[in-house]
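1. coords please:
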Amino acid sequence: MTGPLMKPEAGAASLLSDVERDAELVALAADAMGWLPLAEGAYLHAADPRDEVITVVGVAEPEMAGMNVLLLLG
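-> Prediction:
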């Protein structure tokens, strides 16, 4: 079984490179956790809009639920 986000079977053509596929999976995970897309490859999670600190990360983790976080991909 193959799909646009899975590695293709032997001999099958890939629609995405491994890097593109991995970035797409990270973006889907961020979206599933309720992060707001700002632009391509940029997501915001605002736990407390009054907080003056925003942590910039490259990997979204569920433990970040109580933090203001800017996720940058790529």
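2. where does pLDDT dip in the protein?
-> The model of the chain has pLDDT under 70 over residues 1-14.
3. that one: helices as residue ranges?
-> 18-32 (DSSP state H).
4. hey, where'd the strands end up in it?
-> Applying DSSP state E to the chain gives strands spanning 36-39, 42-45, 55-57, 69-72.
5. which among those is found nearest to D22?
-> Within the strands of the chain, the stretch nearest D22 is strand 69-72; the backing value is 14.0 Å (Cβ to Cβ). Using the backbone N, CA and C atoms, a C-beta is placed for each residue, glycine as well.
6. in its sheet, what does the closest one sit against?
-> In the sheet, strand 69-72 lines up against strand 42-45 (antiparallel), strand 55-57 (parallel) (DSSP bridges).
7. how far does it sit from the chain's center?
-> Mean C-alpha position of strand 69-72 versus that of the full chain (Cα atoms, centre = their mean, to the nearest Å) differs by 9 Å.
8. next, count neighbours for the closest residue to D51 other than its chain neighbours.
-> Nearest residue to D51, sequence neighbours excluded (Cβ to Cβ, 6 or more residues apart in numbering): N68, at 5.1 Å. For N68, the neighbour count with other Cβ atoms under 10 Å is 17.
9. please apply the same query to R21.
-> Residues lying near R21 (other Cβ under 10 Å) number 17.
10. with V53 instead?
-> Neighbours of V53 under the rule other Cβ under 10 Å: 8.
11. ok, the one 3 residues further on next?
-> Counted with other Cβ under 10 Å, the neighbours of V56 add up to 8.
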